[in-house]
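In: coords please:
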Amino acid sequence: MDREKILQEIFECFQQITQWIPNSFDVSNSYYSKAEVLIELLETEDCGHIGGYDHKNPVKEETSCHLYDRFLCLVRKHNSVIKPCCGFTIKTLGKYFDLIHDARDKVLSKVSK
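Out: Model (predicted):
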């Protein structure tokens, strides 16, 4: 199994989510599902189970997207290098998920009034 290729593919799936979320939730969801399956594959390889519960390398809450945090945990495990994709780096993609989460909260607060 080529761990680096799988991690890069996961990153590219997350980037695809950003492209498709405004226009096609179905396509966005398919990339989310693909990322989740690949993450679970690597988690199982690393510690025998899924969910990011590796005691030697725990998932940290770094973004508002738990699945992305699980991905970051896998990247950290072996200090993997992820190449930027379509303008996103590993850090800026995490910030994207935080911003989209904050935007949702702002909309809800305005609609609830």
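In: leaving out chain neighbours, which residue sits closest to the residue nearest the centre of the chain?
Out: For the chain, the residue nearest the mean C-alpha position is Y68 (2.4 Å; C-alpha atoms, centre = their mean). In space, and not counting its chain neighbours, Y68 is closest to F97: 5.6 Å by C-beta to C-beta, 6 or more residues apart in numbering. Every residue, glycine included, has its C-beta placed from N, CA and C.
In: in this protein, which spans are helices?
Out: 3-20, 25-47, 66-77, 90-111 (DSSP state H).
In: so which elements touch the last one?
Out: For helix 90-111, the contact count by 3 or more C-beta pairs under 8 Å, 6 or more residues apart in numbering; DSSP states H and E identifies helix 3-20, helix 66-77 as packing neighbours.
In: at 6 Å what do you get?
Out: Judged by 3 or more C-beta pairs under 6 Å, 6 or more residues apart in numbering; DSSP states H and E, helix 90-111 is in contact with no other helix or strand.
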